[in-house]
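S.K.: Just need the structure, nothing else, for what follows:
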Amino acid sequence: MSVKPKKELGQHFLTDLSIAERIAQLLSGHTASGQPPYRQILEIGPGMGVLTQFLLQDTRFDTYVIEIDRESVDYLNKHFPALEGKILPSDFLNIRPDLLPTKQPDSTQPFAVVGNFPYNISTQILFKVLDMRDRVPEVVGMFQREVAQRVASGPGNKDYGILSVLLQAWYDITYEFTVPPDVFNPPPNVFSGVISLRRNDKIELGCSERKFTQVVKHGFSQRRKTLRNALKPLNPTEAALASPFMAKRAEQLSVADFVQLTNLMEQAD
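M.R.: Modelled structure (predicted):
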């Protein structure tokens, strides 16, 4: 029995065992300062368990999986008895965060997220992780290479954008390695990239998170323009307009610069 990849679910099953093992080995057990160590990991979209088998071998962790594809759930139940009671037949994007990873309501336990993520929802997965950042100290995932590069890029890089800033505010991110199309079934039309995200020690951003997100999104919405022009719809304060940041483009600002600019945008005239 095998599972037929479904185009509508964005399934591209990894077939190279050495790459799967390498991804599993990137889970370091990282814990942010002041947070308890995690024991549980949640694999998103395990398919036929190519990565799962290596996660289960790591005795440091207790592995759970979440899978929306009924056929894959049946396959995993049949071939991975160690997953009994640990398979969530659900959609990661729509499940209540407190039910992750163990299906227990009101869970507050930390857990890591890992997976060969469906490319059509990979950005949404990251935004959901961001909402759960105080419970998710570590993420290791495979993405379309362009998305992976965007997430990991720093200031001054053409790939640096909204996703880079919002995630790097809370996570230290490393681009780990590139994966060619021919190790998947079916092969995607693009290269893939594996990245790791490890929670930094920030408890607070140092500015209004809502305003920070607004400033970042507006700043990059017209990335060729200076921030003086891109942020006009937000009615910058005099303090913000007097800032040297306004003569720069969004891609030139670090996370710390955006925090500083956000505070200036809220400073009373």
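S.K.: Is Q53 in a helix, a strand, or coil?
M.R.: Three-state call for Q53 (DSSP: H, G, I helix; E, B strand; the rest coil): helix.
S.K.: which residues does it contact?
M.R.: Neighbouring residues of Q53 by C-beta atoms under 8 Å, 6 or more residues apart in numbering: A20, F80. Every residue, glycine included, has its C-beta placed from N, CA and C.
S.K.: Now do it against Q25, distance only.
M.R.: 13 Å (C-beta to C-beta, to the nearest Å).
S.K.: which stretches of the stretch 1-150 of the chain form helices?
M.R.: Using DSSP state H, counting those that start in this stretch, the helices of the stretch 1-150 of the chain run over 17-25, 52-57, 70-79, 122-131, 145-152.
S.K.: of all these, which lies closest to M246?
M.R.: helix 145-152 (24.6 Å; C-beta to C-beta).
S.K.: Packing partners of that closest one?
M.R.: Helix 145-152 is packed against helix 122-131, helix 162-168, strand 171-179, strand 192-199, with contacts defined by 3 or more C-beta pairs under 8 Å, 6 or more residues apart in numbering; DSSP states H and E.
S.K.: Please produce CSV containing these, extended by mean neighbour count and distance to L9.
M.R.: Formatted as CSV, the helices and strands packed on helix 145-152 follow (neighbours: other C-beta atoms under 10 Å; distance: least, C-beta to C-beta, whole Å):
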stretch, mean neighbour count, distance to L9
helix 122-131, 17, 13
helix 162-168, 22, 22
strand 171-179, 17, 19
strand 192-199, 22, 17
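S.K.: which of the helices of the stretch 1-150 of the chain is buried the deepest?
M.R.: Compared across those, helix 145-152 shows the largest average neighbour count, a mean of 21 (mean count of other C-beta atoms under 10 Å).
S.K.: Determine the angle, from 0 to 180 degrees, between it and strand 192-199.
M.R.: 20 degrees (axes from the mean of the first three to the mean of the last three C-alpha atoms, to 10 degrees).
S.K.: Show me how far helix 145-152 is from its chain's centre.
M.R.: 10 Å (C-alpha atoms, centre = their mean, to the nearest Å).
S.K.: Surely F220 and I162 touch.
M.R.: Yes: the pair F220 / I162 is scored as a contact, 4.9 Å apart, by C-beta atoms under 8 Å.
S.K.: Spit out the residues that contact these two alike.
M.R.: By C-beta under 8 Å, 6+ apart, no residue touches both F220 and I162.
S.K.: if we can go back for a sec, now the helices and strands packed on helix 145-152 in TSV, with mean pLDDT and distance to P46?
M.R.: Formatted as TSV, those follow (pLDDT from 0 to 100; distance: least, C-beta to C-beta, whole Å):
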stretch	mean pLDDT	distance to P46
helix 122-131	96	14
helix 162-168	97	23
strand 171-179	98	17
strand 192-199	98	16
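S.K.: Turn these into JSON lines, including distance to E71.
M.R.: Output for the helices and strands packed on helix 145-152, formatted as JSON lines (distance: least, C-beta to C-beta, whole Å):
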{"stretch": "helix 122-131", "distance to E71": "21"}
{"stretch": "helix 162-168", "distance to E71": "31"}
{"stretch": "strand 171-179", "distance to E71": "24"}
{"stretch": "strand 192-199", "distance to E71": "23"}
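S.K.: among those, which is nearest Q252?
M.R.: helix 162-168 (11.8 Å).
S.K.: If anything else comes up later, I'll come back, but that's it for now.
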